[in-house]
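J.: coordinates only, sequence not included:
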């Protein structure tokens with residue numbers, strides 16, 4: 001009897017496992033054969049890749065601007081020193097010209113005139129020695145003037161070339177940013193083409209914050225990608241931080257990629273309901289709040305936080321939101337990590 005029961009149990013368990021396994025295979029096959037799902041995944045992956053490249057170029061461009069600013073300061077200092085050196089050079093040139101003119105006017109008979117003007121031989125030798133020393137000093141001055149001119153020209157050429165290189169790199173970075181920005185816009189439009197709500201959202205003017213939120217959501221392969229501007233609008237209306245609302249989706253549903261009702265209910269915040277005190281009522285499905293689309297969901301998630309905690313900015317201001325939350329908890333860490341990365 002017991003063996004028969006064990007056999008029956010084994011058979012039942014085998015059938016259940018087989019059904020479960022076949023169900024998983026069927027679901028995977030359905031997803032694999034669904035062109036829309038595949039295209040959405042591909043687009044989100046491409047959006048993430050573009051955002052990653054944009055972030056890298058932004059970092060490089062920022063470094064280039066800092067280098068260009070430092071270079072401009074150094075160039076200004078060098079220009080001031082060059083002007084000072086050029087003024088000194090002009091003085092030396094003028095002095096040298098006067099000496100050369102005097103030597104030219106003296107002619108070849110200058111030694112003979114010196115001899116006639118000398119009191120004695122010793123005086124003549126002294127004059128000759130002095131003349132030779134002056135000639136040597138003049139020659140050294142001439143070489144110094146020439147070397148200074150060459151040094152100034154080399155410095156100027158080096159500064160011009162370095163400035164040209166830095167500006168060229170900056171121009172390249174700007175062109176790359178523009179090109180990638182256009183590709184990103186095209187991908188976002190394609191992503192929105194199958195979803196009228198997202199298409200309406202994406203048609204609105206975007207902000208820097210909405211772009212950063214979209215970039216973060218794309219890196220998580222989230223179906224919320226593209227709704228960054230709605231998070232921003234929810235913050236503007238309620239005062240609840242858009243970054244915080246996004247961080248809550250990370251901690252509660254891995255940005256709407258995990259959890260039974262995160263996608264079907266448009267509930268990425270793990271909220272249970274109904275919530276009759278919140279505008280719209282927020283109906284519930286199996287105890288979890290549900291919304292018709294992500295735009296409404298984001299706005300009412302902000303209403304939910306505002307109603308119970310006020311215009312919160314950080315996870316530390318949401319005591320009781322999560323049963324396993326609290327200071328130092330993994331939940332708090334996930335919310336704050338996401339918030340800091342946006």
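T.: It's in. Just so we're clear, the structure is a prediction, and the values are computed from it rather than from any experiment.
J.: which stretches of the stretch 1-150 of the chain have low pLDDT?
T.: For the stretch 1-150 of the chain, applying pLDDT under 70 flags the ranges 1-37, 93, 96-97, 99-139, 141-142, 145.
J.: now with 90, please.
T.: Low-confidence segments of the stretch 1-150 of the chain (pLDDT under 90): 1-41, 68-150.
J.: again with the stretch 151-300 of the chain
T.: 151-163, 194, 259-261, 263-264, 273, 277-280, 285-286.
J.: show me the helices in it, by range?
T.: Under the criterion DSSP state H, counting those that start in this stretch, helices of the stretch 151-300 of the chain are mapped to 196-202, 208-219, 228-238, 242-253, 294-309.
J.: can you give the domain ranges for the protein?
T.: Here the domain parsing of the chain from automatic domain parsing is 57-191, 195-341.
J.: now for the ones you listed, which one comes closest to residue 42?
T.: Each of those has some distance to residue 42 by C-beta to C-beta; the shortest is domain 57-191, at 9.4 Å. All C-beta atoms are positioned from the backbone trio N, CA, C, and that covers glycine.
J.: quick one: end-to-end distance for the closest one.
T.: 24 Å (C-alpha to C-alpha, to the nearest Å).
J.: ranges for the strands of this structure?
T.: For the chain, the strands defined by DSSP state E occupy 284-285, 288-289.
J.: what's the last one in contact with?
T.: The one in question is strand 288-289. 261, 265, 267, 269-275, 282-283, 300 (C-beta atoms under 8 Å, 6 or more residues apart in numbering).
J.: and if you look at the first one?
T.: Surrounding strand 284-285, the residues in contact under the criterion C-beta under 8 Å, 6+ apart are 261, 264-265, 272-274, 290.
J.: okay, those residues in CSV with distance to residue 304 and neighbour count next?
T.: Putting those into CSV (distance: C-beta to C-beta, whole Å; neighbours: other C-beta atoms under 10 Å) gives the following:
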residue, distance to residue 304, neighbour count
261, 15, 19
264, 19, 11
265, 14, 22
272, 10, 13
273, 9, 19
274, 11, 15
290, 13, 18
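J.: buried set for stretch 176-190?
T.: 176, 180, 183-184, 187-188 (16 or more other C-beta atoms under 10 Å).
J.: swap in stretch 164-173?
T.: 166, 169-170, 173.
J.: quick one: contacts of that stretch?
T.: 57, 60-61, 64-65, 67-68, 71.
J.: looking at the contacts of strand 284-285, spot the one nearest residue 331.
T.: residue 272 (15.8 Å).
J.: which ones are touching that closest one?
T.: 284, 287-289.
J.: at 10 Å what do you get?
T.: By C-beta atoms under 10 Å, 6 or more residues apart in numbering, the contact list for residue 272 reads 282, 284, 286-289.
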